Every structure is written in C-alpha cells, then in structure tokens.
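1. Sequence first, then the predicted structure:
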Amino acid sequence: MTLIFRDASVRLHRRSVFLLTMLIFTIAATLPLQAQTAITATGGDTKMQYMLLIYNDPKVEPAYGTPEFEAMMGGFFALNERMKADNVLVSGEGLQGVETATSVRTRGGKVETMDGPFAETREHLGGYYVIEVPDLDSALRYAAMVPSVAWGTVEVRPLMTYNPGGE
C-alpha cells in the first residue's frame, strides 16, 4: 500500500514540476525578447527603456504664446520634474515644427533629400521622452501624464537592446 502512494506522490510531483515549467515558458513567451533576455541575465530585477513619441495635431493644439500654450508647457515642465524625481527620465526633447524637417533617403545609389517630413500626416511628431521603468504598464502611466495627450497621441515603444559586443 505504501508503494502505491509513494508512486502516486512521485507522479504528482513530476506533473507539478512539468506544469510549473510550462507556466514559466508560457509567461516568458509573451514577454518581448528584450525583456526575456534582461530577466534571464539579471535574475528578474530589471528595467526596460521605452520611448514615448508625442504626436500633436497642429490644428487643435494651443497656439504659441496663448495662456493655453503656457499651461501646456507648465504641464510638460511639471512632468519632467516628476519623472526626474521618480528617477525614470533618461532623456527627452521637444522638436521644432515639421516645416524645419529634411528627409533623406537613398534610391539607386543616389542620396535624395526632401524638405519637410517624409509622410503627410494629420498629427506631427512634436517631441519624445525616453524613460526607464519596470514594465509597459508603468510606461503607459507616464504616457498618460503627457499634457498634450488630451488632443494628440503618445505612442509608447520599447527600445531595442542590441549588444553585439556583449558589454
């Protein structure tokens, strides 16, 4: 009788280990490759870098010099200070208007330059932040704090980790 219970216990233990292993692989498969690599390399204590791309519709955003514009800029300054205090801000800048842009491409071995952005879009890239946070949910919380999200869009993307030198 003892042998039967012992064998059942061993089978149950093996099945539990198998199910736990499958659960770990299933969770890992849903993570971005960069997160999988970082978690493996650091034992799970890692932060990811995300870029917050700030797009605004120039027909809707406040005009320069208006009280609404000053309030928006005050919101950006406050967000900068908040991200610095939270120790998540890596970098960030505003961009000059699309009329100052120059696009470059190579076709048939020739370099072509064009005034303005490459694509005509309703919303224009107005600035960016790079932040370092534990996960996408944290990045999304900071994106929601961007003042212009009320009339524009903030696109959140994880930065690629490419380290061919292994450093």
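-> It's in. Remember, predicted model here, so these are calculated numbers, not experimental data.

2. From residue 147, how far off is the closest residue in space to residue 143 that isn't next to it in sequence?
-> Distances taken as C-beta to C-beta, 6 or more residues apart in numbering place residue 154 nearest to residue 143, at 4.2 Å, with adjacent residues excluded. To be clear about C-beta, it is placed using only N, CA and C from the backbone, and glycine gets the same treatment. For residue 154, the distance to residue 147 equals 10 Å [C-beta to C-beta, to the nearest Å].

3. Which one's more surrounded, the two?
-> Neighbour count, other C-beta atoms under 10 Å: between residue 154 and residue 147, residue 154 has more, with 21 against 18.

4. is it fair to say that one lies in a strand?
-> Yes: checked against DSSP: H, G, I helix; E, B strand; the rest coil, residue 154 lies within a strand.

5. what sits opposite it in the beta ladder?
-> Residue 154 has the following beta-bridge partners by DSSP bridges: residue 54.

6. And the residue nearest to residue 143, how far from residue 123?
-> Counting by C-beta to C-beta - residue 154 and residue 123 are separated by 11 Å.

7. what is in contact with those two at once?
-> Common neighbours of residue 154 and residue 123, counting by C-beta atoms under 8 Å, 6 or more residues apart in numbering, are residue 55.

8. need the contact list for the residue nearest to residue 143.
-> By C-beta under 8 Å, 6+ apart, the neighbours of residue 154 are 52, 53, 54, 55, 143, 144, 146, 148.

9. these two touch, right, the third one and residue 127?
-> What that stands for is residue 54. Yes: using C-beta atoms under 8 Å, residue 54 is in contact with residue 127, at 4.6 Å.

10. more neighbours, these two?
-> residue 54 (25 against 17).

11. For the residue nearest to residue 151 when sequence neighbours are not counted, what are phi and psi?
-> Leaving aside its chain neighbours, residue 151 sits nearest to residue 60 (4.4 Å; criterion: C-beta to C-beta, 6+ apart). The phi/psi pair for residue 60 (degrees, to the nearest 10) reads phi -110, psi -30.

12. Could you count how many residues lie near residue 60?
-> For residue 60, the neighbour count with other C-beta under 10 Å is 12.

13. thinking again about what came up before, pick the one among the contacts of residue 154 closest to residue 70.
-> Among the contacts of residue 154, residue 148 lies closest to residue 70 (C-beta to C-beta), at 13.6 Å.

14. tally of neighbours for the residue nearest to the closest one when sequence neighbours are not counted?
-> The shortest distance from residue 148 to any non-neighbouring residue, by C-beta to C-beta, 6+ apart, is to residue 56 (5.2 Å). Using other C-beta under 10 Å, residue 56 has 22 neighbouring residues.
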